[in-house]
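Participant: no sequence for this one, just the structure:
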């Protein structure tokens, strides 16, 4: 893959894609399977994703974790490494609370099973697969795609 965009541009595109489709597969690095969860973004806390979960959720115990993201149009992919911790700060819960979260927790913000998980991103590998029109035509007919016609790729320590 070509790396013709700078890493910060690719990271900014990732955040835009994640806001458009906030679903990731996330799991602890403990041998358990990952599961789909809805990521919450707090613009004031870069390199951090939040998840509302049940206290009995398999990642609620926290620890090293990996998350994978696929953009809505399959035009962007991300693999995120970091650490999950519980963050039950009431102000943060109030800030991120919305109708979709409320649908999962009938007891509202006072639901005894509710916990807010903070995923602190240490590194990310990002792929944008938006191949140019000329590159797509070459793919159809078996031509060779030049670097400037192909995707972007970045390994970053920050998605902010």
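Facilitator: It's in. Since this is a predicted model, take the numbers as computed values, not measurements. Residues are numbered from 1 along each chain as shown.
Participant: Only C-alpha atoms from now on, for both contacts and neighbour counts.
Facilitator: Fine.
Participant: ok, now which ones touch residue 119?
Facilitator: Under the criterion of Cα atoms under 8 Å, 6 or more residues apart in numbering, the contact list for residue 119 reads 48-51, 65, 82-85.
Participant: where does it land in three-state SS?
Facilitator: Assigned with DSSP: H, G, I helix; E, B strand; the rest coil, residue 119 falls in the strand class.
Participant: Ok, residue 159 next?
Facilitator: Going by three-state DSSP, the secondary structure assigned to residue 159 is coil.
Participant: The nearest residue to it once chain neighbours are set aside: how many residues sit nearby?
Facilitator: Nearest in space to residue 159, with sequence neighbours left out and distances taken as Cα to Cα, 6 or more residues apart in numbering, is residue 11 at 4.9 Å. Here the neighbour count serves as a burial measure; for residue 11 (other Cα atoms under 10 Å) it reads 26.
Participant: these two touch, right, residue 11 and residue 127?
Facilitator: No: at 9.6 Å, residue 11 does not count as touching residue 127 under the criterion of Cα atoms under 8 Å.
Participant: picking that back up, what is the most widely separated pair among the contacts of residue 119?
Facilitator: Taking every pair in the contacts of residue 119 and measuring Cα to Cα, the maximum separation is 13.9 Å, between 51 and 82.
Participant: Can you verify residue 8 is assigned to a helix?
Facilitator: Yes: assigned with three-state DSSP, residue 8 falls within a helix.
Participant: so how far is residue 41 from it?
Facilitator: 17 Å (Cα to Cα, to the nearest Å).
Participant: Now residue 18: which helix or strand?
Facilitator: helix 7-20 (DSSP states H and E).
Participant: gap between that helix and the chain center?
Facilitator: Its chain's C-alpha centre and that of helix 7-20 lie 10 Å apart, by Cα atoms, centre = their mean, to the nearest Å.
Participant: mind listing what's buried in it?
Facilitator: By neighbour count, with 16 or more other Cα atoms under 10 Å as the criterion, the buried positions of helix 7-20 are 7, 10-11, 13-14, 17-18.
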